[in-house]
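Participant: here is a sequence with its predicted model. Questions after.
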There are 2 protein chains.
Amino acid sequence: MSTVEPRRVIATVCLSGTLEDKLAAAAAAGFDGVELFENDLIASAASPAEIRQRCADLGLTIDLYQPFRDFEAVPPDVLRANLRRAERKFDVMEQLGVDLVLVCSTVSPDAVDDDELAADQLRALADRAAARGMRVAYEALAWGRFVNTYEHSWRIVRRADHPALGLCLDSFHVLSRGGDPALIRTIPGEKLFFLQLADAPQLDMDVLQWSRHHRLFPGQGSFDLPTFVGNVLSTGYAGPLSLEVFNDVFRQADPHPAAVDAMRSLRLLEEQLGFPVADPAPQLAGHAFAELTVDEVAGARVADALTALGFARTGEHRSKPVQLWEQAGTRVLLHTASSTPDSAAIGALAVQSEEPRRSARRADAMGAPVLPRTRGPEEADLASVEAPDGTEVFFCDAGSWLSDFHAVDAGDAPGPLGITGIDHVALTQPFDHFDEAALFYRSVLGLEPEPVTEYAAPFGMVRSRAVCNPSGTVRMALTGTLVRRGEWAPAVRDPQHIAFACEDVLAAARALRERGAPVLTVPDNYYDDLDARLGLDPELLAELRAGSVLYDRDEHGEYLHLCTEVFGSRIFFELVQRIGGYSGYGVPNAPVRMAAHRRRRLANG
Amino acid sequence: MSTVEPRRVIATVCLSGTLEDKLAAAAAAGFDGVELFENDLIASAASPAEIRQRCADLGLTIDLYQPFRDFEAVPPDVLRANLRRAERKFDVMEQLGVDLVLVCSTVSPDAVDDDELAADQLRALADRAAARGMRVAYEALAWGRFVNTYEHSWRIVRRADHPALGLCLDSFHVLSRGGDPALIRTIPGEKLFFLQLADAPQLDMDVLQWSRHHRLFPGQGSFDLPTFVGNVLSTGYAGPLSLEVFNDVFRQADPHPAAVDAMRSLRLLEEQLGFPVADPAPQLAGHAFAELTVDEVAGARVADALTALGFARTGEHRSKPVQLWEQAGTRVLLHTASSTPDSAAIGALAVQSEEPRRSARRADAMGAPVLPRTRGPEEADLASVEAPDGTEVFFCDAGSWLSDFHAVDAGDAPGPLGITGIDHVALTQPFDHFDEAALFYRSVLGLEPEPVTEYAAPFGMVRSRAVCNPSGTVRMALTGTLVRRGEWAPAVRDPQHIAFACEDVLAAARALRERGAPVLTVPDNYYDDLDARLGLDPELLAELRAGSVLYDRDEHGEYLHLCTEVFGSRIFFELVQRIGGYSGYGVPNAPVRMAAHRRRRLANG
């Protein structure tokens, strides 16, 4: 494996906006070059020469002009028109200063199934390109009318045998058809003119629609891109790694974070390929703390809830309005920093890293914005970065940061409730940032994403995806909506919660009832259905019902969990108990919980 | 065909919200009953008896409890658990007062491929149901493990031969698999216990995903529901027509308009089936006028633009701040009624109906909200209704409404520009209302929807669909975004425009240039690409370029069009010329136009 970093390129079609918007975003994210999508140029008021200058000013090369469609294997009169069209595009390319054009395998009704004719005509095109110092990269579309595998496009390129004609490989076109990428190793590297990369979720649908709407950046889908790219690099290919991702969500999202997300996907892929990109992700021992940002009103309600849950206020920050709450080493910070009435949100979460400084260096290399830090002279130097949803992520050691707090008298507290740690933190992601968020935690923290689950919730379809470290000590549950969340319902927007691991949720539920804690009431209908479906032991069922405890089970074990009401704008707490090897998050119960939260909100006016 | 109106039922799963939200919306839209989706009940805090009372209070029956899954063709121990589960659900049904349960064909790994066993076990279930005065409707899911056609489910029901066991037919499950609905006519009507209706767009994808995300209300997709339902009714089926539509967009949309949309879909279907639902749609002669609602600032700019386009201000409304602008019988009203600075939007459009009062009665029967009308004693009594996007739609005769205006001196005007009428009105629909809007114009005005076109625009994927009358004299172009429009771009939101038919767009372009009119500048790159693609006559190309005229062609003819800048918040004008049989709307040029509008807006700060 070469240790020279590859050139990083992005197709303008990946990003939203006008060409000018896209170029600015690509440059800001650190890309070396772009594939220029023809329609972006056509809609631009800047001449090709001006675009060339714009790119040069931004430090971007133009690596490919694309696409040229429906060229080959046609009757002579169509060929004449196609060559005329090509010459006009070569004029544009000359002004742009780009010497490589992408020709996609034909889907035209004018074309015939004749490899020899295709090769002859592509040779003629390559001749004309060569005369102008240009080259042609021929690509098999997965839905090409006759040529739809890379092996077939390679046969034609070989047959044409022209130095200005080579192949463009696109991971989507190969992997979507279940093609064998191993045969790529038989192609000479110098005949591979270009490499386009896209990931995708595994979908059983028309490949054209799949390609046009659902591509993802590498690491966000289910394709094995490291193996694919490894095969390409083994041929000696030394061209750019170029992202070409058509995605309905990215097409309408702010191009600046989307370009950062794209760059992060390449960095992770390069690391998987063995390029020296960033410090390896340090091992994480667990959640160090979660910090809630509150105003005074919601803060008081959260404090009451934490008290009822068995936490004690043990410390006060030396220089900031931050309280430390603890229970058996589980730590929550309460930061009174909001001026929005009745607001409560997860402002920060902290992981305990075996090497916090290395974690921070890695995060920086993976394009996570490092946040500025104000601290007192004696206070811990905690590094933190910003996640896509704005949450601050801290890297901590085993506990030196605790010295930033002076101890306070915890006062009267009803006592611990068997909470042993933070099981997971659940964050609702903005509609546009769901895939980006999973990739962020994967690349920055080294957490592995689990498969995406989709379910029908009262106010829209929801996607859920957990990311966690191999030992299961750091877990985050990310949710987002499939299209967007209904705006009509006066329900809780983008709820977040901290799920505490609890030794005995049923015992905790009894204690909470005695304490008059604000536990979310689960309706009887839920328990009647549990009984019908699972035939649970009647005593267990009665206890679950009495405590408003939710229940789930899978082939490995059981899961007991209960939720509190929502405090402030969007925060609630959960107690969870994993029995046996249950590794989920009680997703089947989420719609019941959402309906209950809405009911509670409506009841509170 | 019976002339008794069928009962109209909607499955609660069609709508967004909690069960209480859904029932309220269904009742308000005039449904007779609901299919109660189990998950909606489970998440409700109301007991089944309370739900029964709620429905009774709302005038709703509960026609079906659904679904019961994975029952049949299982080993004895699984059967015992399934029967226990069924008895529990019968308990719930008893309290709900519903006597019909839907059993879907199994997808369970526990089941075996044995029709005899399936029939035996369904008979056992029907026995238990009958003992409680209940019945079982067995439905073949299109993705059922063994039973996935209605013919197969019918063989099993026939074999079971129990009076309390019948079929549920679902149009999606039959038509998605390309099943032949003609065989339905061979089933005795008394064995058809229930009929579920859903339309869908033709998609080439996994049928389960297609069903769960993309169903539509009848008339919104491409299934032939009149034939399907006609076959069912021919058997003597006298049960309800029940909508069961799983759709990602409806799941998050306000349930009240969604229920109205659903009811409208049933009314249209009933009309297609020959039920006496509403007055037939009168013939429309054309667009009578379009009314722009403006504030004073934008109004002045629009007036200048209309003047440049050859319109003359010919009238002033007798009692309202409305100006009449005319050119050769083409009429635009300018209504100064907005207090929002620099606002301009299409407030109303008017069609000329051969019988305006009948149009209004039909609109009312189709669930279009009739708008209240204030008018002076001598003024025309114009009926109007509200379209889903809030636009007011008027029904006019040939011109008696013109007497509401007194003539004014048109003053100096640069003269007409060959505009002969309104070719179409283009309205950007809110994300959630795209399918609803097409059905609205189809059912209320009798306009036929054309196929949906999707295209990539600078700020997201756009869907476009025209609706027009058979003679092509009333056309509307509806657009919407596929997911939602990017909020990051400071571009024009939800633009609307009036496209005027023009005898000679090139001549008009020359005149507009002389008049210094605010024509939208189309970039040179666009014309270079036109040249490369189409090899147009150089003189024509030069004229198009000089006039910023856009060009499209199809197999029937050509289309020349030019756009103005945007005035106020969202209005522009277009001149269009159809040559030969071109029947489109220049959709391929839309992205170029959008980028140009954004550029212009940014240039104006």
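Facilitator: Looks like it arrived, so ask away. Numbering: from 1, shown residues only, chains lettered A, B, ... in the order given.
Participant: A:R493 against A:S569, yeah?
Facilitator: Yes: A:R493 lies in contact with A:S569 (CB atoms under 8 Å); the separation is 7.3 Å. The way it works is simple: take the backbone N, C-alpha and C, and place the C-beta from them, glycine included.
Participant: what sits against A:L309?
Facilitator: A:327, A:417, A:419, A:500, A:512, A:517, A:564, A:573, A:575 (CB atoms under 8 Å, 6 or more residues apart in numbering or on different chains).
Participant: likewise A:G557?
Facilitator: Applying CB under 8 Å, 6+ apart, the residues contacting A:G557 are A:578-582.
Participant: by contact count, what packs against the longest helix along chain A?
Facilitator: In terms of residue count, the longest helix belonging to chain A (DSSP state H) is helix A:76-96. Helix A:76-96 is packed against helix A:38-42, helix A:48-58, strand A:61-68, strand A:100-104, helix A:115-131, helix B:524-534, with contacts defined by 3 or more CB pairs under 8 Å, 6 or more residues apart in numbering or on different chains; DSSP states H and E.
Participant: could you check the angle it makes with helix A:115-131?
Facilitator: 30 degrees (axes from the mean of the first three to the mean of the last three CA atoms, to 10 degrees).
Participant: buried ones in the lowest-mean-pLDDT helix or strand in chain A?
Facilitator: Using mean pLDDT, DSSP states H and E, the weakest-scoring helix or strand in chain A turns out to be helix A:590-603, at a mean of 91. Buried residues in helix A:590-603, counted by 16 or more other CB atoms under 10 Å in any protein chain shown: A:590-600.
Participant: and what of stretch A:105-117?
Facilitator: Buried residues in stretch A:105-117 (16+ other CB under 10 Å): A:105-107, A:111, A:115, A:117.
Participant: redo these as JSON lines? Include pLDDT and distance to chain B.
Facilitator: Listed next are the buried residues of stretch A:105-117 as JSON lines, based on pLDDT from 0 to 100; distance: CB to the nearest CB, whole Å:
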{"residue": "A:S105", "pLDDT": "98", "distance to chain B": "19"}
{"residue": "A:T106", "pLDDT": "98", "distance to chain B": "15"}
{"residue": "A:V107", "pLDDT": "97", "distance to chain B": "15"}
{"residue": "A:A111", "pLDDT": "98", "distance to chain B": "17"}
{"residue": "A:D115", "pLDDT": "98", "distance to chain B": "26"}
{"residue": "A:L117", "pLDDT": "98", "distance to chain B": "22"}
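Participant: nearest to A:I10 among those?
Facilitator: Nearest to A:I10 among these is A:S105, at 23.1 Å by CB to CB.
Participant: isn't the closest one up against A:Y138?
Facilitator: Yes: between A:S105 and A:Y138 there is a contact under CB under 8 Å: 7.2 Å.
Participant: what touches both of the two?
Facilitator: Common neighbours of A:S105 and A:Y138 (CB under 8 Å, 6+ apart) are A:S153.
Participant: for the buried residues of stretch A:105-117, which one is nearest A:R158?
Facilitator: Nearest to A:R158 among the buried residues of stretch A:105-117, with distances taken as CB to CB, is A:D115, at 10.2 Å.
Participant: I'd like the distance between that closest one and A:D170.
Facilitator: Shown here: A:D115 relative to A:D170, a distance of 20 Å by CB to CB, to the nearest Å.
Participant: and for A:L506?
Facilitator: 54 Å.
Participant: repeat for A:P388
Facilitator: Counting by CB to CB, the gap from A:P388 to A:D170 is 27 Å.
Participant: what about stretch A:15-34, how long is it end to end?
Facilitator: Length of stretch A:15-34, first residue to last, CA to CA, to the nearest Å: 11 Å.
Participant: please name the bridge partners of the residue of the stretch 351-500 of chain A found nearest chain B.
Facilitator: Closest contact between the stretch 351-500 of chain A and chain B, by CB to the nearest CB, is at A:G460 (3.2 Å). Beta bridges link A:G460 to A:A457, judged by DSSP bridges.
Participant: what number of residues lie near it?
Facilitator: Applying other CB atoms under 10 Å in any protein chain shown, we find 20 residues neighbouring A:G460.
Participant: sorry, back to before: make JSON lines from the contacts of A:L309 and add pLDDT, neighbour count and distance to chain B to it.
Facilitator: Shown next, in JSON lines, are these (pLDDT from 0 to 100; neighbours: other CB atoms under 10 Å in any protein chain shown; distance: CB to the nearest CB, whole Å):
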{"residue": "A:Q327", "pLDDT": "97", "neighbour count": "22", "distance to chain B": "31"}
{"residue": "A:L417", "pLDDT": "95", "neighbour count": "24", "distance to chain B": "26"}
{"residue": "A:I419", "pLDDT": "98", "neighbour count": "22", "distance to chain B": "27"}
{"residue": "A:F500", "pLDDT": "98", "neighbour count": "28", "distance to chain B": "24"}
{"residue": "A:L512", "pLDDT": "97", "neighbour count": "23", "distance to chain B": "19"}
{"residue": "A:A517", "pLDDT": "95", "neighbour count": "22", "distance to chain B": "19"}
{"residue": "A:T564", "pLDDT": "98", "neighbour count": "22", "distance to chain B": "17"}
{"residue": "A:F573", "pLDDT": "98", "neighbour count": "26", "distance to chain B": "21"}
{"residue": "A:L575", "pLDDT": "98", "neighbour count": "27", "distance to chain B": "21"}
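Participant: just the ones in strands from the residues you listed, please.
Facilitator: A:327, A:419, A:500, A:573, A:575 (DSSP state E).
Participant: nearest to A:Q209, of these?
Facilitator: A:F573 (42.1 Å).
Participant: so the closest one touches A:I498, yeah?
Facilitator: Yes: if you go by CB under 8 Å, A:F573 and A:I498 touch, sitting 5.7 Å apart.
Participant: in contact with A:R373, which residues?
Facilitator: Here A:R373 is in contact with A:381-384 (CB under 8 Å, 6+ apart).
Participant: ditto for A:G219
Facilitator: Here A:G219 is in contact with A:199, A:225, A:265, A:268-269, A:439, A:442-443 (CB under 8 Å, 6+ apart).
Participant: turn the residues you listed into TSV, including distance to chain B and neighbour count.
Facilitator: TSV is the format used below for the contacts of A:G219 (distance: CB to the nearest CB, whole Å; neighbours: other CB atoms under 10 Å in any protein chain shown):
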residue	distance to chain B	neighbour count
A:D199	19	25
A:L225	24	24
A:S265	20	28
A:L268	25	24
A:L269	25	24
A:L439	19	25
A:R442	24	20
A:S443	23	26
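Participant: the residue of the stretch 251-400 of chain A found nearest chain B: how many residues sit nearby?
Facilitator: Evaluated by CB to the nearest CB, the stretch 251-400 of chain A has A:Q252 as its residue closest to chain B, separated by 3.2 Å. By other CB under 10 Å, the residues close to A:Q252 number 27.
Participant: without its sequence neighbours, what residue ends up closest to it?
Facilitator: B:G460 (3.2 Å; CB to CB, 6 or more residues apart in numbering or on different chains).
Participant: how close does the one you found get to B:A360?
Facilitator: 37 Å.
Participant: which stretches of chain A aren't confidently modelled?
Facilitator: Across chain A, the ranges flagged by pLDDT under 70 are A:1-3, A:374, A:484-486, A:490-492, A:605.
Participant: please parse it into its domains.
Facilitator: Domain segmentation of chain A under automatic domain parsing yields A:8-273, A:284-603.
Participant: and the first one, how far from the chain's centre?
Facilitator: If I follow you right, that is domain A:8-273. Its chain's C-alpha centre and that of domain A:8-273 lie 23 Å apart, by CA atoms, centre = their mean, to the nearest Å.
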